[in-house]
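J.: here is my input; please provide its structure:
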Amino acid sequence: MESSASTLLMPPSVELKDERKQGTMVFDSSKMQKQEKLPTEFIWPDADLVQAQQELNEPLIDLDGFFKGDEAATAHAAELIRMACLNHGFFQVTNHGVDLDLIRAAQEDMEAFFKLPLSRKLTVKKKPGELSGYSGAHMDRYTSKLPWKETLSFVYRYDSGSKPMVADYFKTVLGEDFEEIGWMYQKYCDALKELSLGIMQLLAISLGVDISYYRNLFEDGYSIMRCNSYPPCKEAGLVMGTGPHCDPVALTILHQDQVKGLEVFVDNKWQLVKPRPGAFVINIGDTFMALSNGEYKSCIHRAVVNMDKERRSLTFFISLKDDRVVSPPEELIVREGQRKYPDFKWSELLEFTQKYYRPNNDTLQSFVEWRLSA
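T.: Here you go, the predicted model:
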């Protein structure tokens, strides 16, 4: 599908930037819904608003055998992952080793932040060029087709040793009232780190390369942990929680509540990813598509908004260390007969998506062309 999401980002108008400096351009969903009409900045084109008609038939993969070292169960899990990644790059996992009570706490405790007064949330607003902080509808980055959501993002580094950087972030930035919640998210990120490295091993097995190739690449990487709140909207059919895009990172681990909203564009139509209690949704991003030499797909997806209920989700975006070179195993290049993408550093792709390009389904190819022309 040719996404109608904007490509090269144009500078916002002077008037809009001035309004934001004055604090008038902020996302307050409750006030906006009381207006006769929604602000035009939130209205999406009809082409992006086509409704999903069916559920995605993605595999639900039991990881218990893999973590116990069962060779047959591991081979079966890898084969299911391969079939999903050749088609659309989405699958779900259960018995993943992450404590269900911890997942429940991570899902529920974000309310403590999102229910704060808007003025308080804005004190931790994400600054230009930074990855951590609060964002209301990404108004700091875009001027049209704004997402109907609030987010709180923070960085988790895989090689931070014993330093509890997530817990420190919550205490330092949000105050002692959030210290306990910060420790909970620290434990959550620690658990997802281990899950992500296990998934990297299964991806290697599924591609027929050395089992440690991807795990070794990502052991000194980092993740952006993001809490998402999608408030209800009376005009839900006109807005988007997150517009059509592919993730530029390597891998995304998502936990969604039971309010439906995640949709994937497969076989020329939008399909719903059904929420499954206790399961994680895994999807391939553009960086891993390059690391697989194009064999595995980074699929376009979106999040829609509910008319009556708030939807919440937790996303764990897995990235390489900034100076790591994105290069596929030699076996994949020999098998394919050619390189699909030139080598690049993750920091270059990150800069491209943060400063110059609004991610869509052509991000990786557009990045390659931009880099070659630079």
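
J.: my guess is Tyr134 contacts Glu150. True?
T.: Yes - counting by CB atoms under 8 Å, Tyr134 sits close enough to Glu150 to count as a contact (7.2 Å). In this view, the C-beta of every residue, glycine as well, is placed from N, C-alpha and C.

J.: find residues that contact each of those two.
T.: Common contacts of Tyr134 and Glu150 (CB atoms under 8 Å, 6 or more residues apart in numbering): Lys121.

J.: how about the top helix by length along the chain: buried residues?
T.: Ordering each helix of the chain by length in residues (DSSP state H) puts helix 179-207 first. Applying a neighbour-count criterion of 16 or more other CB atoms under 10 Å, one finds 181-189, 191-193, 195-207 buried in helix 179-207.

J.: could you point out which element follows that helix?
T.: Remark: after helix 179-207, the chain's next helix or strand is helix 213-218, criterion DSSP states H and E.

J.: what residues of stretch 335-350 count as buried?
T.: Here stretch 335-350 shows 340-341, 344, 346, 349-350 as buried, counting by 16+ other CB under 10 Å.

J.: among those residues, name the ones in helices.
T.: Short answer: the buried residues of stretch 335-350 in helices (DSSP H) are 346, 349-350.

J.: as a check, name the ranges of all strands in the stretch 251-374 of the chain.
T.: 251-256, 262-266, 269-272, 280-284, 301-303, 311-319, 325-326, 344-345 (DSSP state E, counting those that start in this stretch).

J.: format the ones you listed as TSV; extra columns: mean pLDDT and distance to Asp168.
T.: Below are the strands of the stretch 251-374 of the chain laid out as TSV (pLDDT from 0 to 100; distance: least, CB to CB, whole Å):
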stretch	mean pLDDT	distance to Asp168
strand 251-256	98	22
strand 262-266	96	31
strand 269-272	96	38
strand 280-284	98	26
strand 301-303	96	30
strand 311-319	97	19
strand 325-326	94	30
strand 344-345	94	27
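
J.: out of those strands, which gets nearest to Phe170?
T.: Among the strands of the stretch 251-374 of the chain, the nearest to Phe170 by CB to CB is strand 311-319 (14.9 Å).

J.: and the closest one with strand 280-284, angle?
T.: Following axes from the mean of the first three to the mean of the last three CA atoms, to 10 degrees, one obtains 40 degrees for the angle between strand 311-319 and strand 280-284.

J.: can you put the strands of the stretch 251-374 of the chain in JSON lines and add distance to Phe114?
T.: As requested, the strands of the stretch 251-374 of the chain are arranged in JSON lines below (distance: least, CB to CB, whole Å):
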{"stretch": "strand 251-256", "distance to Phe114": "16"}
{"stretch": "strand 262-266", "distance to Phe114": "19"}
{"stretch": "strand 269-272", "distance to Phe114": "24"}
{"stretch": "strand 280-284", "distance to Phe114": "21"}
{"stretch": "strand 301-303", "distance to Phe114": "16"}
{"stretch": "strand 311-319", "distance to Phe114": "8"}
{"stretch": "strand 325-326", "distance to Phe114": "34"}
{"stretch": "strand 344-345", "distance to Phe114": "34"}
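
J.: burial measure for Asp210, as a count.
T.: By the criterion of other CB atoms under 10 Å, Asp210 has 14 neighbours.

J.: go on, Ala105?
T.: For Ala105, the neighbour count with other CB under 10 Å is 16.

J.: and the next helix or strand past the helix or strand of the chain with the lowest mean pLDDT?
T.: Lowest mean confidence among the helices and strands of the chain (mean pLDDT, DSSP states H and E): helix 14-21, at a mean of 34. From helix 14-21 onward toward the C-terminus, using DSSP H and E, the following helix or strand is helix 29-34.

J.: what's in contact with that next one?
T.: Contacts of helix 29-34 with the rest of the structure, by CB under 8 Å, 6+ apart, involve 38-39, 42, 148, 231-234.

J.: swap in 6 Å and give it another go.
T.: Applying CB atoms under 6 Å, 6 or more residues apart in numbering, the external contacts of helix 29-34 come out as 231, 234.

J.: and it, what's its mean pLDDT?
T.: Throughout helix 29-34, pLDDT has a mean value of 81.

J.: ditto for stretch 367-374
T.: On average, stretch 367-374 scores 87.

J.: show me how far that stretch is from its chain's centre.
T.: Put simply, stretch 367-374 sits 24 Å off its chain's centre (CA atoms, centre = their mean, to the nearest Å).

J.: over to stretch 190-202?
T.: Distance of stretch 190-202 from its chain centroid, counting by CA atoms, centre = their mean, is 16 Å.

J.: same thing with stretch 134-148?
T.: Mean-position distance between stretch 134-148 and its chain equals 16 Å (CA atoms, centre = their mean).

J.: measure that stretch end to end?
T.: End-to-end span of stretch 134-148 (CA to CA, to the nearest Å): 14 Å.

J.: again with stretch 243-259
T.: Stretch 243-259 has an end-to-end distance of 18 Å (criterion: CA to CA).

J.: cool, and stretch 316-328?
T.: Using CA to CA, one end of stretch 316-328 lies 23 Å from the other.

J.: buried set for that stretch?
T.: Using 16+ other CB under 10 Å as the test for burial, stretch 316-328 gives 316-321, 324, 326-328.
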